[in-house]
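Trainee: missing the sequence, but the structure's below:
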Ligand SMILES: NCc1[nH]cc(CCC(=O)O)c1CC(=O)O
């Protein structure tokens with residue numbers, strides 16, 4: 001039984017996730033404390049993240065804490081974790097996925113179909129923008145940044161008719177009652193890794209990897225490995241207008257991916273790949289296959 005420190009961001013969702021891992025590790029007899037920190041990504045609320053360095057801004061400070069030995073593990077929403085970690089770091093654990101779907105949240109309207117012409121929808125996700133435009137080109141999509149509570153507050157203050165958020169975050173924070181409708185993946189394909197938690201460690205920490213092994217959810221890991229491989233093959237950034245969603249039944253993995261050109265509203269490229277997978281490498285190979293199909297269809 002060991003003592004571990006978890007580096008975490010201080011948003012309500014990040015703290016929920018870190019506490020969740022803490023309690024699971026405690027059930028396995030470990031003594032765990034949290035080290036809360038504010039990252040650059042949390043401070044930048046006015047600009048699009050893709051313009052200032054991408055979502056990696058959410059993980060950098062946590063990695064520094066791992067590097068300096070101030071913490072032993074960092075818990076992340078996998079969606080925010082860059083496709084390739086910097087040298088010296090590794091993904092030691094992927095946990096069981098929460099709902100991977102996007103949620104429609106609105107004080108007045110039941111679904112995106114119920115929105116009037118030219119309604120204002122808040123999201124800063126390029127993926128959500130290109131997918132929404134593909135079936136509702138009339139909507140006025142306005143930027144919306146900040147943590148979940150901030151985004152809900154901005155909706156309640158009347159700035160938007162509706163917003164789109166990950167169902168997982170809302171459910172984890174006990175805000176599921178705010179969900180008016182969950183989008184089926186066929187309509188709003190989720191982001192690679194959405195709803196899954198990933199745990200990062202400094203390389204060369206077999207003690208931490210060992211302690212985390214009971215928390216690993218292999219089915220989720222296979223699915224997100226395929227999803228992340230799509231993104232990696234198309235350039236690795238997590239701020240691309242890209243969606244990738246995989247499910248696993250037995251050993252059969254089915255992967256759907258979509259890419260939309262922000263400059264060509266309404267045009268989406270879609271691709272699928274499926275096959276039997278017995279390892280993370282095989283799952284990643286299906287992701288690369290879907291990415292090649294997207295590229296052949298014009299994704300860049
Ligand atoms: N982009 C921010 C982000 N990163 C992780 C989640 C929560 C859902 C998850 O764990 O994937 C969210 C909120 C959202 O997209 O609405």
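Mentor: Now that the structure is in, tell me what you want to look at. This one's a predicted model, so the numbers in the text were calculated from it and none came from an experiment.

Trainee: Can you give me the distance of residue 199 to residue 189?
Mentor: Distance, residue 199 to residue 189, by C-beta to C-beta, to the nearest Å: 25 Å. Bear in mind the C-beta positions are built from the backbone N, C-alpha and C, glycine included.

Trainee: again but with residue 152, I slipped
Mentor: For residue 152, the distance to residue 189 equals 23 Å [C-beta to C-beta].

Trainee: Among these two, which residue is more densely surrounded?
Mentor: Neighbour totals were compared for residue 152 and residue 189, and residue 189 leads with 23 against 18 (other C-beta atoms under 10 Å).

Trainee: which secondary structure element contains the nearest residue to that one once chain neighbours are set aside?
Mentor: Closest residue in space to residue 189, ignoring its immediate chain neighbours: residue 243 at 3.6 Å, by C-beta to C-beta, 6 or more residues apart in numbering. For residue 243, the host element (DSSP states H and E) is strand 242-249.

Trainee: what comes up buried for that strand?
Mentor: By neighbour count on 16 or more other C-beta atoms under 10 Å, the buried set for strand 242-249 is 242, 243, 244, 245, 246, 247, 248.

Trainee: do stretch 143-156 as well
Mentor: Neighbour-count burial for stretch 143-156 flags 144, 145, 147, 148, 151, 152, 154, 155 (criterion: 16+ other C-beta under 10 Å).

Trainee: again, but for stretch 261-280
Mentor: 268, 269, 270, 271, 273, 274, 277, 280.

Trainee: can you give me the mean pLDDT across the helix or strand containing residue 168?
Mentor: When elements are assigned from DSSP H and E, residue 168 belongs to helix 167-172. Summarised as a single mean, pLDDT over helix 167-172 is 98.

Trainee: Can you spell out which helices and strands pack onto that helix?
Mentor: helix 12-27, strand 102-105 (3 or more C-beta pairs under 8 Å, 6 or more residues apart in numbering; DSSP states H and E).

Trainee: anything in it near the ligand?
Mentor: Yes. Contact between helix 167-172 and the ligand, assessed by C-beta under 6 Å from any ligand atom, occurs at 168, 169.

Trainee: Give me the below-cutoff pLDDT ranges for the protein.
Mentor: 40-56, 236, 238 (pLDDT under 70).

Trainee: Break it into its domains for me.
Mentor: Listed domain ranges for the chain are 1-95+195-216, 102-182, 218-300 (source: automatic domain parsing).

Trainee: By proximity to the ligand, which residue of the stretch 1-150 of the chain wins?
Mentor: Minimum separation of the stretch 1-150 of the chain from the ligand (C-beta to the nearest ligand atom) falls at residue 77, amounting to 3.3 Å.

Trainee: phi, psi of the closest residue to that residue other than its chain neighbours?
Mentor: Excluding the flanking residues, the one nearest residue 77 by C-beta to C-beta, 6+ apart is residue 197, at 6.6 Å. With angles defined as degrees, to the nearest 10, residue 197 sits at phi -100, psi 140.

Trainee: and if you look at residue 122?
Mentor: Main-chain torsions, residue 122, degrees, to the nearest 10: phi -100, psi 130.

Trainee: ok, it - how many residues close by?
Mentor: Neighbours of residue 122 (other C-beta under 10 Å): 22.

Trainee: quick one: buried residues of the helix or strand encompassing residue 131?
Mentor: When elements are assigned from DSSP H and E, residue 131 belongs to helix 126-135. Across helix 126-135, burial judged by 16+ other C-beta under 10 Å covers 126, 127, 128, 129, 130, 131, 132, 133, 134.

Trainee: same deal with stretch 64-72?
Mentor: Using 16+ other C-beta under 10 Å as the test for burial, stretch 64-72 gives 65, 66, 71, 72.

Trainee: which residue packs closest to the residue positioned nearest the centre of the chain, ignoring adjacent ones?
Mentor: By C-alpha atoms, centre = their mean, the chain has its centre lying nearest to residue 79, at 2.1 Å. Once flanking residues are discounted, residue 79 sits nearest to residue 193: 4.4 Å by C-beta to C-beta, 6+ apart.

Trainee: any chance you could map the helices in the stretch 201-300 of the chain?
Mentor: 206-212, 218-233, 280-296 (DSSP state H, counting those that start in this stretch).

Trainee: partner residues bridging residue 255?
Mentor: residue 246, residue 273 (DSSP bridges).

Trainee: hang on, it packs against residue 290?
Mentor: Yes. Look at residue 255 against residue 290 with C-beta atoms under 8 Å: they come within range, at 5.3 Å.

Trainee: Identify the contacts common to the two.
Mentor: Listed as contacting both residue 255 and residue 290 by C-beta atoms under 8 Å, 6 or more residues apart in numbering are 226, 230, 244, 272, 273.
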